[in-house]
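Asker: Structure here, sequence nowhere to be found:
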């Protein structure tokens, strides 16, 4: 089996539907037992325009990769995946209007929306209080909202590469932040806060 980002060892808990040129996804052929046991689902490198609601039949899903599709929307039903910890959705066509209103109710710890079309960081993200890893490089971000300080569990390294100047880091207020991927954006400002709250390891 191909090694995927963030994947655990292959087994009955993993379903891989990647690189099948799928326009839609149905779980009709998956047994009820397998639906219950699946914890990792790969739908990356297909041709999906929206996240199909059928993914919610995997009630114990913890990891979902929907990268490299043509996604413009994520369905409201994703909020039914109450055990989902990791969502990888790189290189799609998503923006701040693509997410369901209650997206912030998810218990996500890892979120990767790199290579999409976000001009703003959605406020739904600021409600993901368990979030430890946030990747938003390669979007169209112009600023970082002050509400970023709500994400007190973030444990990310900073990697700007071609984005805004490193001195802007001092305004971030996430106390455990050590790694944040926002490269290749258009950021010109960060929220103003006292720099003593930010103690990153800069590379």
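Answerer: Happy to help now that I have it. Predicted, not measured: the structure shown is a model, and the values here were computed from it. Numbering: from 1, shown residues only.

Asker: Which of the helices or strands spans the spatially most central residue of the chain?
Answerer: For the chain, the residue nearest the mean C-alpha position is residue 111 (2.4 Å; C-alpha atoms, centre = their mean). Here residue 111, judged by DSSP states H and E, is contained in strand 110-112.

Asker: Can you list the helices and strands that that strand packs against?
Answerer: On a contact count with 3 or more C-beta pairs under 8 Å, 6 or more residues apart in numbering; DSSP states H and E, strand 110-112 meets strand 86-88, strand 133-135. Placement of C-beta: from N, CA and C, glycine included.

Asker: re earlier: roughly how far does the residue nearest to the centre of the chain sit from residue 21?
Answerer: Distance of residue 111 to residue 21, given as C-beta to C-beta, to the nearest Å: 26 Å.

Asker: and what of residue 130?
Answerer: 35 Å.

Asker: what pairs with the residue nearest to the centre of the chain across the strands?
Answerer: residue 87, residue 134 (DSSP bridges).

Asker: Can you verify my assumption that it contacts residue 128?
Answerer: Yes - here residue 111 reaches residue 128: they are 6.9 Å apart, a contact under C-beta atoms under 8 Å.

Asker: Just name the shakiest helix or strand of the chain by mean pLDDT.
Answerer: strand 157-159 (a mean of 38; mean pLDDT, DSSP states H and E).

Asker: list the contacts for the residue nearest to residue 24 when sequence neighbours are not counted?
Answerer: Leaving aside its sequence neighbours, residue 24 sits nearest to residue 52 (C-beta to C-beta, 6 or more residues apart in numbering; 6.1 Å). The neighbours of residue 52, taking C-beta atoms under 8 Å, 6 or more residues apart in numbering as the test, are 24-26, 75.

Asker: residue ranges of the helices in the chain, please?
Answerer: Taking DSSP state H to define them, one finds helices in the chain at 32-37.

Asker: which stretches of it have low pLDDT?
Answerer: Along the chain, segments meeting pLDDT under 70 span 1-11, 156-203.

Asker: Pull the contacting residues for the nearest residue to residue 102 once chain neighbours are set aside.
Answerer: Excluding its sequence neighbours, the residue lying closest to residue 102 (C-beta to C-beta, 6+ apart) is residue 79, at 4.8 Å. Applying C-beta under 8 Å, 6+ apart to residue 79 gives the contacts 100, 102-103, 105-106.

Asker: Throw those into TSV and include distance to residue 151 and neighbour count, thanks.
Answerer: Shown next, in TSV, are the contacts of residue 79 (distance: C-beta to C-beta, whole Å; neighbours: other C-beta atoms under 10 Å):
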residue	distance to residue 151	neighbour count
100	19	17
102	17	12
103	14	21
105	15	15
106	13	23
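
Asker: out of those residues, who's nearest residue 63?
Answerer: Nearest to residue 63 among the contacts of residue 79 is residue 106, at 12.8 Å by C-beta to C-beta.
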